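Undergrad: here is a sequence with its predicted model. Questions after.
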2 protein chains.
Amino acid sequence: MSTDNIRIVLVNTSHPGNIGGVARAMKNMGLNRLYLVAPRDYPHEQAEWRAVSAKDILDTAIVVPTVEDAITDCQFVVGTSARERRIPWPLLDARQCAERMAVASSQEQVAVLFGREDRGLTNDELRVCNLHLNIPTSGAYSSLNLAMAVQIVAYELYMVMSSPIVSTNEVEQWDSPFASQGSMEHFYQHLEETLIDVEFLDPTAPRQLMARLRRLYSRVRLDDMELNILRGMLTETQKWVKRASKEP
Amino acid sequence: MSTDNIRIVLVNTSHPGNIGGVARAMKNMGLNRLYLVAPRDYPHEQAEWRAVSAKDILDTAIVVPTVEDAITDCQFVVGTSARERRIPWPLLDARQCAERMAVASSQEQVAVLFGREDRGLTNDELRVCNLHLNIPTSGAYSSLNLAMAVQIVAYELYMVMSSPIVSTNEVEQWDSPFASQGSMEHFYQHLEETLIDVEFLDPTAPRQLMARLRRLYSRVRLDDMELNILRGMLTETQKWVKRASKEP
């Protein structure tokens, strides 16, 4: 898998702001090769403004007159398609398609074609593609902004490309070790003792009180510092009960 | 799973164009509830222009002065976070988080908070969240455009919502409804008050005590019965402090 072998191809884009938005979306997701097929209005300050820190993507973008020029050296070409077409074509959603592209990119040049803002790719352009990609959308409003469509495809590519390594590890991220089972038992004893002291828990009719508190704190997995805070609170509370009880 | 129970909350958005982009991204993915916390420049023609056919989302958007006003009736609050924080928090990526939100939305009010374009959510805003959401991005340029971030989260929600497989439901299994954000705030106030009463918390040198306790209890998601138990303990403790203090 190599992002250097994947290019984003924008066909006849009308709004230069969208080109800038695409550049930023690409760089956010680790893509860097942008082809512009006969853009209507480019270069343009709107593109620069929307690209923010992805100006390097614009600087290295390749402007070509036809789709053919953009994909002639590619082995695997994907066309994004919103609508149902008259001629059925192999169609995958963005997630499935990202997997296919990631695999292909290890040895092949891969292109993803995005069409015009108002009417997408033509049937002729879709016919040169190996595969069609559809981004699932709500029936109430299915027309995605161009840069948004690129963002989703680039995001799905990034998720595939980065997946085997990441996996969030709750324990490694934490700043304090989690409490041991032994410390938790001491805490529960201390808690029960204190609840009896403040007369919130009646030992002759305990109901489900401790069971509920155990469920609460085992669900959260206390870390050592939190356990110390809670035990400190209990100790202070017990002092006040003693002080109040000492008086005649 | 119900999209009607999921709201997108934009905090202090600077550029009205982004608000329009968010509205379109939401409608494309079947979401319809937008809250705007103190937007800098809204309503604005740029918002309308970028929303295109999602003007209805803007028309029904609710503008409020504070984050609290936007989430007080919510049981499950997610904050989007790009950076590493000093105090780690339960953190999931957009995909994992979408699953959790979809499940919660069947019975609960769910909010997803998106921060300012330049610096995201504040630490105080992140502390009211049950969970933090991170969108994986390339290290070369990790700052996503606001509307793009909403697009990815909304897309992941749509992917979960439209997938036929429904996972086991944490919420349905539970025996007591989860506490609302408003009740949690009352609990934190009561807790802080009691800690000062028992002289465990010095209001002139509070250190990170309340921050750590907030993290603990927002992590666990208290149900209503647990909240009642904890508040009962605090009330009893305060009585003992009063009793001890009354004596000469």
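TA: Nice, I can see it.

Undergrad: may I ask you to name the longest helix in chain A?
TA: helix A:224-246 (DSSP state H).

Undergrad: close to chain B, is it?
TA: Yes - using Cβ under 8 Å from any Cβ of the partner chain, helix A:224-246 reaches chain B at A:M225, A:E226, A:I229, A:G232, A:M233, A:E236, A:T237, A:K239, A:W240, A:V241, A:R243, A:A244. Glycine gets a C-beta too; all of them are placed from N, C-alpha and C.

Undergrad: any weak-confidence spans in chain A?
TA: A:83-88, A:164-173, A:247-248 (pLDDT under 70).

Undergrad: change it to 80
TA: Chain A contains residues with pLDDT under 80 at A:1, A:82-89, A:163-175, A:181, A:218-221, A:246-248.

Undergrad: how does it divide into domains?
TA: Segmentation of chain A into domains, based on automatic domain parsing, reads A:3-162, A:170-246.

Undergrad: tell me which of those domains sits most buried.
TA: With neighbours defined as mean count of other Cβ atoms under 10 Å in any protein chain shown, those peak in mean count at domain A:3-162, which reaches a mean of 19.

Undergrad: give the contact list for A:M184.
TA: A:Y217, A:S218, A:L222, A:L227 (Cβ atoms under 8 Å, 6 or more residues apart in numbering or on different chains).

Undergrad: now with 10 Å, please.
TA: Taking Cβ atoms under 10 Å, 6 or more residues apart in numbering or on different chains, we find A:M184 in contact with A:F178, A:R214, A:Y217, A:S218, A:R221, A:L222, A:L227.

Undergrad: farthest-separated two in those?
TA: Spatial extent of the contacts of A:M184 (Cβ to Cβ) is set by the pair A:F178 and A:R214 at 16.1 Å.

Undergrad: now, among the contacts of A:M184, which is nearest to A:P136?
TA: Among the contacts of A:M184, and counting by Cβ to Cβ, the member closest to A:P136 is A:R221, at 35.7 Å.

Undergrad: hmm, the closest one is touching A:Q181, no?
TA: No - in this structure A:R221 lies outside contact range of A:Q181 using Cβ atoms under 10 Å: 11.0 Å.

Undergrad: chain neighbours aside, what residue packs nearest to A:V64?
TA: In space, A:V64 comes closest to A:A70 once its chain neighbours are excluded; the distance is 5.1 Å by Cβ to Cβ, 6 or more residues apart in numbering or on different chains.

Undergrad: wait, what's in contact with that neighbour?
TA: With Cβ under 10 Å, 6+ apart, A:A70 has these contacts: A:7-11, A:35-38, A:62-64, A:77, A:111, A:113.

Undergrad: which SS state does it fall under?
TA: The assignment at A:A70 comes out as helix when based on DSSP: H, G, I helix; E, B strand; the rest coil.

Undergrad: kindly report the same for A:L36.
TA: strand.

Undergrad: quick one: the nearest residue to it once chain neighbours are set aside from A:V78, how far?
TA: Of all residues not flanking A:L36 in the chain, A:V63 sits nearest, at 4.8 Å (Cβ to Cβ, 6+ apart). Going from A:V63 to A:V78 by Cβ to Cβ, to the nearest Å gives 21 Å.

Undergrad: next: A:H15.
TA: Taken as Cβ to Cβ, the span from A:H15 to A:V78 is 23 Å.

Undergrad: same deal with A:R212?
TA: Distance from A:R212 to A:V78, by Cβ to Cβ: 54 Å.

Undergrad: follow-up on the earlier one: next step: the contacts of A:A70 restricted to strands.
TA: Under the assignment DSSP state E, these contribute A:7-11, A:35-37, A:62-64, A:77, A:111, A:113 to strands.

Undergrad: of all these, which two lie farthest apart?
TA: Taking Cβ to Cβ, no two of those sit farther apart than A:V63 and A:V77, at 18.9 Å.

Undergrad: A:I229 against B:R214, yeah?
TA: No - between A:I229 and B:R214 there is no contact, the gap being 11.6 Å when judged by Cβ under 10 Å.

Undergrad: which neighbours do these two have in common?
TA: In contact with both A:I229 and B:R214: B:Q208, using Cβ under 10 Å, 6+ apart.

Undergrad: quick one: the strands in chain A?
TA: Going by DSSP E, chain A shows strands at A:6-11, A:33-37, A:62-64, A:76-80, A:91-93, A:110-114, A:131-134.

Undergrad: quick one, the second one and strand A:110-114 angle?
TA: Translated: strand A:33-37. For strand A:33-37 against strand A:110-114, the angle by axes from the mean of the first three to the mean of the last three Cα atoms, to 10 degrees is 50 degrees.

Undergrad: strand A:33-37 pairs with which strands, parallel or anti?
TA: Sheet pairing of strand A:33-37 (DSSP bridges) gives strand A:6-11 (parallel), strand A:62-64 (parallel).

Undergrad: distance from the longest one to the middle of the chain?
TA: Just to be clear, that refers to strand A:6-11. 22 Å (Cα atoms, centre = their mean, to the nearest Å).

Undergrad: swap in stretch A:15-22?
TA: On Cα atoms, centre = their mean, the centre of stretch A:15-22 falls 22 Å from that of its chain.
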